[in-house]
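>>> need coordinates for the following:
(chains A, B, C, D, E and F)
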Number of protein chains: 6
Amino acid sequence: MTARVVCFGEILIRLSSPDNELLLQSPNLRIHYGGAEANVAVSLARFGHDAAMVSFLPDNALGRAAMDELRRYGVDTRFVTTAPGRMGLYFLAPGAVLRPSEIVYDRAHSSFATGPIDTIKWDETLAGAGWLHVSGVTPALGSVPAAAAVRAAQTARKLGVQVSFDGNYRAKLWGAWQGDGPGILRTMLTNASIAFADDRDIALVLGRPFNEADPAARRRAAAKAAFDAFPNLQRITSTIRTQHGVEHHDMSAVLFTRTSEFATASFSLAGIVDRIGAGDAFAAGVLHGLASAQDDETSLNFGLAAACLKHSIPGDFNLASESDVHAFLGGGLDVRR
Amino acid sequence: MTARVVCFGEILIRLSSPDNELLLQSPNLRIHYGGAEANVAVSLARFGHDAAMVSFLPDNALGRAAMDELRRYGVDTRFVTTAPGRMGLYFLAPGAVLRPSEIVYDRAHSSFATGPIDTIKWDETLAGAGWLHVSGVTPALGSVPAAAAVRAAQTARKLGVQVSFDGNYRAKLWGAWQGDGPGILRTMLTNASIAFADDRDIALVLGRPFNEADPAARRRAAAKAAFDAFPNLQRITSTIRTQHGVEHHDMSAVLFTRTSEFATASFSLAGIVDRIGAGDAFAAGVLHGLASAQDDETSLNFGLAAACLKHSIPGDFNLASESDVHAFLGGGLDVRR
Amino acid sequence: MTARVVCFGEILIRLSSPDNELLLQSPNLRIHYGGAEANVAVSLARFGHDAAMVSFLPDNALGRAAMDELRRYGVDTRFVTTAPGRMGLYFLAPGAVLRPSEIVYDRAHSSFATGPIDTIKWDETLAGAGWLHVSGVTPALGSVPAAAAVRAAQTARKLGVQVSFDGNYRAKLWGAWQGDGPGILRTMLTNASIAFADDRDIALVLGRPFNEADPAARRRAAAKAAFDAFPNLQRITSTIRTQHGVEHHDMSAVLFTRTSEFATASFSLAGIVDRIGAGDAFAAGVLHGLASAQDDETSLNFGLAAACLKHSIPGDFNLASESDVHAFLGGGLDVRR
Amino acid sequence: MTARVVCFGEILIRLSSPDNELLLQSPNLRIHYGGAEANVAVSLARFGHDAAMVSFLPDNALGRAAMDELRRYGVDTRFVTTAPGRMGLYFLAPGAVLRPSEIVYDRAHSSFATGPIDTIKWDETLAGAGWLHVSGVTPALGSVPAAAAVRAAQTARKLGVQVSFDGNYRAKLWGAWQGDGPGILRTMLTNASIAFADDRDIALVLGRPFNEADPAARRRAAAKAAFDAFPNLQRITSTIRTQHGVEHHDMSAVLFTRTSEFATASFSLAGIVDRIGAGDAFAAGVLHGLASAQDDETSLNFGLAAACLKHSIPGDFNLASESDVHAFLGGGLDVRR
Amino acid sequence: MTARVVCFGEILIRLSSPDNELLLQSPNLRIHYGGAEANVAVSLARFGHDAAMVSFLPDNALGRAAMDELRRYGVDTRFVTTAPGRMGLYFLAPGAVLRPSEIVYDRAHSSFATGPIDTIKWDETLAGAGWLHVSGVTPALGSVPAAAAVRAAQTARKLGVQVSFDGNYRAKLWGAWQGDGPGILRTMLTNASIAFADDRDIALVLGRPFNEADPAARRRAAAKAAFDAFPNLQRITSTIRTQHGVEHHDMSAVLFTRTSEFATASFSLAGIVDRIGAGDAFAAGVLHGLASAQDDETSLNFGLAAACLKHSIPGDFNLASESDVHAFLGGGLDVRR
Amino acid sequence: MTARVVCFGEILIRLSSPDNELLLQSPNLRIHYGGAEANVAVSLARFGHDAAMVSFLPDNALGRAAMDELRRYGVDTRFVTTAPGRMGLYFLAPGAVLRPSEIVYDRAHSSFATGPIDTIKWDETLAGAGWLHVSGVTPALGSVPAAAAVRAAQTARKLGVQVSFDGNYRAKLWGAWQGDGPGILRTMLTNASIAFADDRDIALVLGRPFNEADPAARRRAAAKAAFDAFPNLQRITSTIRTQHGVEHHDMSAVLFTRTSEFATASFSLAGIVDRIGAGDAFAAGVLHGLASAQDDETSLNFGLAAACLKHSIPGDFNLASESDVHAFLGGGLDVRR
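Here you go, the predicted structure:
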């Protein structure tokens, strides 16, 4: 069983330094494609869903390449259109040892941020969809994208399309246009049925701290507060990450419903290849479970497995297939022949 | 004998597709650094002159890399300072066979175009310089850069610093802010002692056509008109290029003074590696001759040889040394051991 | 105006040595994707047509990558299905100077050649199509593919779908299964409305020589003979290539109808990057013209321009867009900014 | 002291994705050469032995490159001859983090599997040899290779050439032709003096389980059973591997004789570069010890050290020299200057 | 607050195998630049100091490239001059798992070792400097370099320029010309105010063992002995490294003054990218602290942080900036956006 | 029919800049292997002869890699032994357009130049050989190599082994040790039966000019003079090269016997990939013909074809097989499938 999932957000080109180098240490850059919602769309398409992207790209070689790359992985790009403005870029120096990864964003003035985003016909765009997925990056890009994100969420709710919202709070982006981040995110969550958010995200949105010393209790309290604040919200889920070094993390995940909570085992991820997009891989994995009518715990475990696998795959996209994730859950590290 | 040459303009990072590919055909980009005036500065530094760059760069990994690269080749970067805004970029798909090279500019909102360019203290900046070099790209980037270019040229003239001006008319750039290109270029030429310009450039600046059927006569008429219009101008010079294919050109050059004219032999350039920056290599070569107190013909031949050599060197910079250019002029294609 | 074009044939992965090396001279191979009909499909999709591929691929990482690559460029892959068997491969050492390119085919036992090709439901597959395109490679792969190609052509003709047939005679392939090449090709041509074939192809199919000393007369005689033999055939077209060296060819093209003939100018292609797939680029270009309801001469010129451009693009696919081809026809070799 | 060791098996070309990518994620493949017996031959040649390969390769660029690569490392290739059929290939996506390596075999219809393997003159081929080494892959490739492997082992035993047999059971290969794997392997072991096999291999060959809870006891029981079943067998040895992640294993080894047993210390292998071929490196290391007339414990430790070193070397071949292995056994991780 | 630091030593080009390969396993080498003192100079320049290099390079493309690279990172190269002789090279196979890195030096007959090193005018060269930095490699290169190093240190001391000396004992180099290593190093230390040396270095220089079982006590005893032997010496400092595998070390550092001692926390460095130059990064970090008038503990912690960061950066140079080191000290492994 | 050919000379590692870059413009070097006599040995081995190399290499990773590479291509390396000293290197910036290739030699103090070359037992080394091949580089490397070359030639002549001598005069090398180049070369030619030399080489050796205006007459006169001076000499042959640009040459060849002369057609070589080693490819091609008992004209044509093919192959070695050369002679530029 599969669903149509509409993802709305900016598509970015990533330019990263190769071979653990600093940015421009040598005259080579590797290209990948990303954007929080595009990452979800690609992963869902790889899992067999009808994933559609709603976005704007410049009418030049960069925009066309980004479009081609989404199509390569099976994303429906009919709602990706060209608009004036530039291609959103980001430059990445992947970290190593105890040196964190460093991103230089170069996304201002993009076609998405400056395009005719207010002209999107959401009724048409959402027709036939089971889900709308948006992250907190989209409304953070400016007042027009913020209004569009809200309108998308409201239209979805009106049409009975479930709204999936991923917190992804980026203070720098909101600061650049003095947007009321918490207020707009509250509106998004009012329309959402699932939120990808941890206790810090919820604290920020609700404007109140959660001070429980025990992390599990803190997460539980935050989830309860969110369920109280947002009556349409049915699920709150997040990963939990402990970092021993840039290339060695432990990872687990929790999911709260209004009546239950689920927690996964923890996986030790050593020799991490690429952690960018792991959160989006998790979101896509959980959505895959829910959209496939699997139970919460199964969906959560699938999501975490997808996120873990993402750490072994270069680029922002989780290219693992459904059977790859099932193989991960089945365990076994031997060479597969 | 060497001179201090101050170059004023935007520094760009070039991202080009490798191995004759189209842009982003494969996920690799090669990095080079450029900008019309930076190209001249690097070449002059390689020829042994005290070449200084005046520019603005963002305070991030890209800006620092561009700064490092200029320094690598010996350019004085004390007048390159950081400013808000982004790094100017351009994407290049080098051409092949009969497919022309294609550039996607992504330089809007750069630190140079939006920086505090009006605060440059030109008296200090030009102290000790023999020459100021500016191209038509600098004033084309906006009204503030245009005003700064004019002020730089005027200050130079006032201080007895010779002004070298390279036409480099870019209609798209001027169009973006409705600047009065011809008017501003006339002001630049009023202060210039040497102009890198052909008859089309002069026609554009003077707002009149040159219709002589014979190209040599046309160039001569245009030079005469320019000398009439700009009494400080002492030399007008340009290359002449015939393109048999993207990788096979013939190239020669002419130089007009108020009393004489000089023309070089023509060189057949087959298997061209990289033609970007050849005009700047020519300018640097001619300036090298003049700054070294060589006669006009010697300077012109050196300039053309430098431009020809540039076609064999990847990137925007002409990395040939003075002895490399002399070796070229000496002829000989055998392996040098 | 665009059309749906159904292309039927084997998809191949090309593994080529980089940097002018011989095969496996160094431990690197570059990957491209091809196959005569897939090349046509990709080019038509780039030109804006609804191009669909009918093929079989193995259910492994190689097959999936080939599928993804077709989708990347916009080809409709719904009729590409998985089947037992291996991925068809070919290894290429691109030639240089006077050393010709060398191909080592490794396509035997492929999913296409051994798959359930006889179960294709041609009525459904061709529904809505304006054209069916097949090359002589498809029937040459074995008796089952040959039967399928014939059935496809017959069904198309029955449904009013125009059949485009590209000769592409490969003696080695026919020899491997003792297939009656000329006989089967005659059946294909009986159903075709356009044939991509020169006088040697026609001589082979008709089993008779054309001995006119003048090449134009020889081509004319062959076309006439073909029109006589195949009453449904409306157009015969081919490129004409003179090779001065591996990287320097001259290229032109001719097109015969039952009542007229057209010949293009000749282009000098120096510094050739990749000639593989140029014939398919030509076919796609001509089909684009015809499918866009342009006249024969315009279609022929478009086809030749597409073929010329292909020589500048690495890989089997002609990735040029319609506007790229028009720019080529408009001339001009200067850097496009 | 060195020996002549004749290795009999298929040579493969490995095509692997670079930089932790999935297969064909980017358009590059890295080439290595392998095959269980070829790996042993190369390693023995690097240790100074007269290692000869007996195999078939296609008469094309791929076959010649494989031949050259064996010769590069000093293997005697006089008994590698060309035969119809294709080059055996395998595609590898090296694993990372918790994603296992994945191999796509493409070895069917190879020159080795389909060649005139029954015409090998084993008396001549084995003349002067001290050892014959074969793995379980060779007989698994088909009935003709199986018969040849048996004949090779029988001839060797007749000539007093010691037979080294490496279990390497591959169910998929045996399944493809319904071969009686256990039966044929029993015949091989009947002629062998050393077996590289653990308790699972022995259980499979003898058709009975070993259920001791303690792994050491289980291995001991299996070895005893094998010694009982195969009276010519003098040594049974295997590595023991614990996998904490794809790039972090612990490794040790045991060796049983009819009268004693030896066990090594365990090494922690973190940051594994390439584990393919480690078993063959172990076999070559143990054979080196035995062929050099060293005692069992020394041979076992040498074998394990060789296997550990292999994990740090890209490709299937263990390129470590004898002095590299001794340096490993001597300890020390500092930079060697 | 910054200082002028003059560094005196040989500049080397490093040629290393890529991708964990053995040297020349594949036909590619990666280029980096190094030399113990050049590494310190680059790092100090990155930290904002006026770092000058005193050295000799050949007048060819290799020497010029090395000069350019130092300038790229802001080193003052006015005292780097050309001399007959060759470029000092070293070839590196970076280690992996339990295989140590291996260096093949090819530095004999270099311009530095054979150049007119005795003609350096140290009074001029050291004018304005706060520090002179030399390592034990410089005097080890021959009697003439040794005399020059001594003269440099003596002149510095005479001029009130503090001398920083890094032990770096290389028995092979001293052995090549039968130099009296300990004697010459004692002369260097007589003039030094800071020594980068551990108890083994001190034991070697003083010709006496330190046998305390407790490492801390041993280091303390050695420091005391050195302070007794060298009355001008004010600080002795070194890193402490425990190696779990080639890519996993723990690292801490200690610093002794005549009255106090300081020890840092230990950092776990997993997934090490490049350990070459870490000692020089430490020296530059400590010198940065001292030259910036920071206290001993702060300087020591900065030095260790710099050394740790170096393990994440390819090449010999520590390219981290002062703010990068502060960020490291501030902790945090999350992606920096 | 094949022969044993013993080649005596230094083996070099070439380090060249990729992608038309200047040396060290980017931090990558490509590795190839060469040396005038090694090039001949590899080519002869590829043609099926028993080619043996006599040389010295250092006992380190570089020397072993060079040894492996010769063996890879089938050269008998039993007479290549290790000796103190370093690996001979040369750095190459391949030329482009009108910029010639530039070589920086770094071969002084090599194992060959400084090794125990006077201890070679030439009687044993030449046993069974049909030919000894030496170039003028070998005696130019120093007095000991010169003496060895002379002794090798004299021994060969004594044993009835034909001596092939390739002029290859390198003034810089002779100058470095004030060797009497012409005198020693005369001794070599006294023992040679074939000389690869043109009129300039002969003029230099004989110490007299050839002033005929017509090049053919000049070559003829020089050949006659050489035959007069060296009574054992039976053949003099050379290529004739006209350079239109760095990547476009015309090439032909002439061969003189005491009674006849032969001249080939001229080939136009455009898009040259690598011209290094073309002279050695020619020598190997001619020797192949003679060693295969073919007539002079056939041998000459084979040699020229081999030299032409070499221009299309990266590296110093001509890797073309005998059938590749025959294919070249058969003509045809189409893709070979």
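>>> residues touching A:Gly181, list them.
Counting by CB atoms under 8 Å, 6 or more residues apart in numbering or on different chains, A:Gly181 makes contact with A:136, A:139-140, A:169, A:171, A:174, A:204. All C-beta spots, glycine's among them, are computed from the backbone N, C-alpha and C.
>>> from memory A:Ala93 sits against A:Ser17, does it?
Yes: with contact defined as CB atoms under 8 Å, A:Ala93 counts as touching A:Ser17 (5.1 Å).
>>> still on that earlier bit, adding pLDDT, write the contacts of A:Gly181 out as JSON lines.
Below are the contacts of A:Gly181 laid out as JSON lines (pLDDT from 0 to 100):
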{"residue": "A:Gly136", "pLDDT": "97"}
{"residue": "A:Pro139", "pLDDT": "97"}
{"residue": "A:Ala140", "pLDDT": "97"}
{"residue": "A:Tyr169", "pLDDT": "87"}
{"residue": "A:Ala171", "pLDDT": "87"}
{"residue": "A:Trp174", "pLDDT": "94"}
{"residue": "A:Leu204", "pLDDT": "95"}
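>>> of those residues, grab the buried ones for PyMOL.
Those of the contacts of A:Gly181 that count as buried under 16 or more other CB atoms under 10 Å in any protein chain shown are selected in PyMOL with:
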select buried, chain A and resi 136+139+140+169+174+204
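>>> now, the contacts of A:Gly181 that are in helices?
A:139-140, A:171, A:174, A:204 (DSSP state H).
>>> ramachandran angles for the closest residue to A:Ala148 other than its chain neighbours?
The shortest distance from A:Ala148 to any non-neighbouring residue, by CB to CB, 6 or more residues apart in numbering or on different chains, is to A:Ile117 (4.6 Å). Dihedral angles of A:Ile117 (phi, psi; degrees, to the nearest 10) stand at phi -70, psi -20.
>>> show me what contacts A:Ile117?
Counted by CB under 8 Å, 6+ apart, A:Ile117 has contacts A:56, A:144-145, A:148.
>>> again, only this time at 6 Å
Residues near A:Ile117 by CB atoms under 6 Å, 6 or more residues apart in numbering or on different chains: A:144-145, A:148.
>>> which element is the residue in the stretch 101-250 of chain A that chain B sits nearest to on?
Distance from chain B to each residue of the stretch 101-250 of chain A (CB to the nearest CB) is smallest for A:Val104, at 5.0 Å. Taking DSSP states H and E as the criterion, A:Val104 maps to strand A:102-106.
>>> only the buried residues of that strand, if you could.
For strand A:102-106, by 16+ other CB under 10 Å, it's A:102-106.
>>> for stretch A:166-181, same thing?
A:166-170, A:173-174, A:179, A:181.
>>> now do stretch A:287-304
Those would be A:287-292, A:294, A:296, A:298-304, for stretch A:287-304 by 16+ other CB under 10 Å.
>>> and whatever helix or strand A:His326 lives in, what does it pack against?
According to DSSP H and E, A:His326 maps onto helix A:322-330. Packing contacts for helix A:322-330, counted by 3 or more CB pairs under 6 Å, 6 or more residues apart in numbering or on different chains; DSSP states H and E, involve helix A:296-310.
>>> the residue in the stretch 201-337 of chain A positioned nearest to chain B and chain E: what is the separation?
At 8.5 Å from chain B, A:Gly315 is the closest residue in the stretch 201-337 of chain A, using CB to the nearest CB. Separation of A:Gly315 from chain E (CB to the nearest CB, to the nearest Å) stands at 15 Å.
>>> now do the phi/psi pair for the nearest residue in space to that residue that is not next to it in sequence.
Excluding the flanking residues, the one nearest A:Gly315 by CB to CB, 6+ apart is A:His32, at 3.8 Å. Main-chain dihedrals, A:His32, degrees, to the nearest 10: phi -140, psi 170.
>>> hmm, back to that, check contacts around the residue of the stretch 101-250 of chain A closest to chain B.
Taking CB under 6 Å, 6+ apart as the test, what A:Val104 contacts is A:91, B:60-61.
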